[in-house]
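Student: From the sequence below, what's the structure:
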Amino acid sequence: MRTTWWGIAGEGVHNRFGRISRSDLISGIPGSRKNLFDVPYALTEEFGAVYRMHPLIPDDYTFRSTADDSVLAENTFET
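Tutor: Sure, this is the predicted structure:
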């Protein structure tokens, strides 16, 4: 994950020298050029995936003790 984000050069090189290459493979994602494909405003694919997962969040939570599995608290997700 860190190599995907910071590139082969790594976070230390980025923090010290900034981007050393235009390639995302070498310098990672931070500071890279944006390519909006001629669309002035668009939602990312990741946002769409997380937004679709929203109904998967449970409404009720039960917190249990790891020692004896007794119920510590029961809460409801506020919408």
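Student: any idea which helix or strand carries the most centrally placed residue in the chain?
Tutor: Geometric centre of the chain, nearest residue: E46, 8.5 Å, by C-alpha atoms, centre = their mean. Assigned by DSSP states H and E, E46 belongs to helix 45-53.
Student: wouldn't R19 be in contact with G31 here?
Tutor: Yes. Look at R19 against G31 with C-beta atoms under 8 Å: they come within range, at 4.9 Å. No exception for glycine: its C-beta is placed from N, CA and C like everyone else's.
Student: Between those two, tell me which one has more neighbours.
Tutor: R19 (18 against 10; other C-beta atoms under 10 Å).
Student: Can you tell me how far that one is from T3?
Tutor: To T3, R19 is 15 Å away according to C-beta to C-beta, to the nearest Å.
Student: low-confidence ranges in the chain?
Tutor: Across the chain, the ranges flagged by pLDDT under 70 are 36, 40, 42, 79.
Student: Tell me the residue in it that is farthest from the middle.
Tutor: Distance-from-mean max, the chain, by C-alpha atoms, centre = their mean: D68 at 34.0 Å.
Student: Confirm that one sits in a strand?
Tutor: No. Checked against DSSP: H, G, I helix; E, B strand; the rest coil, D68 lies outside a strand; its state is coil.
Student: Chain neighbours aside, what residue packs nearest to R19?
Tutor: S27 (4.3 Å; C-beta to C-beta, 6 or more residues apart in numbering).
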